[in-house]
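Engineer: Here is my input; please provide its structure:
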Amino acid sequence: MSSQSFPRCVLIDANFLVASVSPKTTADDKARIEHFFACAEKAKAKIVIPMPAVAEYLVRADIAAIETFNKLERRTFIVVAPFDRAAAFECAQLDRAALGGANDKKDGTTAPWQKIKIDRQIVATGKAHGVSLVISGDVSVRNNALRLGMFTKEIHELELPDSARQTNLELVTQKER
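Structural biologist: Numbering: from 1, shown residues only. Have a look, this model is predicted:
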């Protein structure tokens, strides 16, 4: 995803934020995340972080992770978006669609109702802000985004910058010289 083809508005969720600070995140995924932010800034795109996703992130965040979030929030292309009236309207559309099918508010999932509600609020907040791409490792978030006509990706599907690609070096032994 180069800056020329970068979407105008992208949503990232709590698992994206966690991956950006976690020591368990692979070097390739860290490079993808950094490249994603660089491309967003260059393309003058808007990155939306819904407030319900911020709450999920802060549950397990240590002081360093909170400071990282504070620095991220100060960047001009980052929007920490509240769950407001427009988001509530979009969320109601998701809930109504779930009830319309099999008259099951959980829409056939076995996840706890609280998780379902939060995932819908995250996606609805993005929709209210004009998001066209959702980056999440959460299948429920991605499925809700697809229902509202948004594209989805996981971190490992983001572009790996050339600077992070390893090349094979041909080793030459003494005898070959």
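Engineer: if I pick residue 64, what's in contact with it?
Structural biologist: For residue 64, the contact set (CB atoms under 8 Å, 6 or more residues apart in numbering) comprises residue 21. The C-beta positions use only the backbone N, C-alpha and C, and glycine is treated the same way.
Engineer: Quick check: it vs residue 156, distance?
Structural biologist: 24 Å (CB to CB, to the nearest Å).
Engineer: Just name whatever secondary elements the lengthiest helix in the chain is in contact with.
Structural biologist: For the chain, the longest helix by residue count, based on DSSP state H, is helix 85-102. Under the contact criterion of 3 or more CB pairs under 8 Å, 6 or more residues apart in numbering; DSSP states H and E, helix 85-102 touches helix 113-128, helix 139-147.
Engineer: could I have the last one exported to PDB, CA atoms only?
Structural biologist: What follows is helix 139-147, C-alpha atoms only, in PDB (Å, rounded to 0.1, in the frame of the first residue of the first chain):
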ATOM      1  CA  VAL A 139     -12.600 -11.700  13.100                       C
ATOM      2  CA  SER A 140     -15.800 -10.200  14.600                       C
ATOM      3  CA  VAL A 141     -14.600  -6.600  13.900                       C
ATOM      4  CA  ARG A 142     -13.700  -7.600  10.400                       C
ATOM      5  CA  ASN A 143     -17.000  -9.300   9.800                       C
ATOM      6  CA  ASN A 144     -18.900  -6.300  11.000                       C
ATOM      7  CA  ALA A 145     -16.900  -4.000   8.800                       C
ATOM      8  CA  LEU A 146     -17.600  -6.200   5.800                       C
ATOM      9  CA  ARG A 147     -21.300  -6.000   6.600                       C
END
